[in-house]
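A.B. asks: For reference, the sequence and a predicted model appear below.
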Amino acid sequence: MSERPHVPLGPGVEFDTVRRLLEQWGPHARGTGDDAAVLDVPVGRRLVASVDTAIENVHFRRAWITPSEIGYRAVTAALSDLAAMGAAPLGVLVAFVLPEPWRERLPEIAEGIGMAVADADTLVLGGNLSTGAELGITTTVLGHADRTLRRDAMRAGDHLYVTGHLGGAGAALAAFLAGRAPTPEHRERFTRPVARLAEGQWLLAHGATAAIDISDGLAADAAHLAAAARAGVELVLADLPLVAGVRARDALASGEEYELLVAAPQPLDTDAFAAAFGTPLTHVGRVVDAHPGEAVVTDGGRRVAGGRGHDHFQG
Ligand SMILES: [Mg+2]
């Protein structure tokens with residue numbers, strides 16, 4: 001972790017804004033104000049980095065969620081990619097594109113970002129402020145690991161597990177799109193996802209080899225794992241852990257979950273996982289020799305049409 005204090009900023013409206021952000025984030029931001037952040041990576045560990053963008057009207061709509069929730073989701077979604085690698089977070093860099101009408105809401109967005117880094121036990125290490133036509137939050141996440149979970153590391157015969165309960169985010173999104181209010185539980189799954197950072201590190205330490213975070217939906221992300229490993233995946237519909245009020249088939253296609261799908265050559269200790277994290281780890285299928293690159297869903301031993309995950313490049 002960076003122990004460096006902030007470097008004092010000069011005068012100007014932009015820097016006044018940054019000063020207010022840093023005041024607001026308090027202990028959850030550190031080492032900002034120079035031209036770049038300088039970090040110590042623990043000896044023997046490797047730097048793990050990823051970047052993710054949340055854009056108004058692409059990833060969320062203003063009518064659906066609060067500015068604080070927009071900030072929370074943007075940073076948590078980015079941190080989730082570190083979780084899927086089994087990495088520990090070092091901190092985040094946050095770049096805002098802030099249209100004029102959004103400027104007065106920045107403190108609320110920042111409040112959500114502060115909560116997200118606090119919940120992930122990490123820090124804001126720097127960022128950028130720009131104006132533009134639509135609100136955008138680009139979060140660069142930095143982490144460290146001695147070894148990582150990899151998408152291409154699973155093999156035929158491996159066991160597949162997912163963390164948490166699935167389907168809530170998709171149910172909330174379906175309700176928003178239909179002009180209905182989602183149930184409070186479904187809404188919270190969409191607005192307050194959890195980056196499974198400690199869980200990812202635990203899974204790596206306890207024998208998992210491959211992982212992906214479920215941002216496109218279980219079926220689509222299982223297919224991404226299958227493609228990376230050139231192996232087939234079989235998911236058992238009846239075994240999916242569901243949020244109350246969600247059908248298994250809808251859970252298959254529910255994106256924005258930020259739960260982890262992991263593969264392990266040996267069975268994982270699901271009781272120990274649940275005891276450690278207060279959330280389930282559920283066996284949902286196997287990796288197979290058949291149909292390489294595909295994720296097949298079975299129901300009562302029969303192959304059924306799987307759900308399709310969210311694809312940014314399809315209608
Ligand atoms: Mg991901």
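C.D. replies: Thanks, I have the structure now.

A.B. asks: in what helix or strand does the closest residue in space to Pro8 that isn't next to it in sequence lie?
C.D. replies: Using Cβ to Cβ, 6 or more residues apart in numbering and skipping the chain neighbours, the partner closest in space to Pro8 is Gly33 (6.6 Å). All C-beta spots, glycine's among them, are computed from the backbone N, C-alpha and C. Using DSSP states H and E, Gly33 falls within no helix or strand.

A.B. asks: which residues sit in contact with Gly33?
C.D. replies: Shown in contact with Gly33 (Cβ atoms under 8 Å, 6 or more residues apart in numbering): 6-9.

A.B. asks: again, 6 Å this time
C.D. replies: Gly33 sits next to 6-7, 9 when contact means Cβ atoms under 6 Å, 6 or more residues apart in numbering.

A.B. asks: One more: Thr131?
C.D. replies: Residues in contact with Thr131 (Cβ under 6 Å, 6+ apart) are Leu98.

A.B. asks: Tell me how many other residues crowd the closest residue to the ion within the stretch 101-250 of the chain.
C.D. replies: Residue of the stretch 101-250 of the chain nearest the ion, by Cβ to the ion: Asp213 (4.3 Å). Asp213: 24 surrounding residues under other Cβ atoms under 10 Å.

A.B. asks: Hmm, Trp25 is touching Gly114, no?
C.D. replies: Yes. The criterion here is Cβ atoms under 6 Å, and Trp25 meets it with Gly114 at 4.9 Å.

A.B. asks: Mind listing what's buried along stretch 279-297?
C.D. replies: Residues of stretch 279-297 classed as buried: 279, 281-288, 294-297 (neighbour count, 16 or more other Cβ atoms under 10 Å).

A.B. asks: Run through who's touching stretch 289-297.
C.D. replies: 156, 219, 222-223, 226-227, 230-235, 237, 303-304, 306.

A.B. asks: For the stretch 51-200 of the chain, list the residues in contact with the ion, please.
C.D. replies: Within reach of the ion by Cβ under 5 Å from the ion, the stretch 51-200 of the chain has these residues: Asp81.

A.B. asks: Over to the residue of the stretch 51-200 of the chain found nearest the ion. Which of the three states is it?
C.D. replies: Ranking the residues of the stretch 51-200 of the chain by distance to the ion (Cβ to the ion) places Asp81 first, at 4.5 Å. Secondary structure, DSSP: H, G, I helix; E, B strand; the rest coil: Asp81 is helix.
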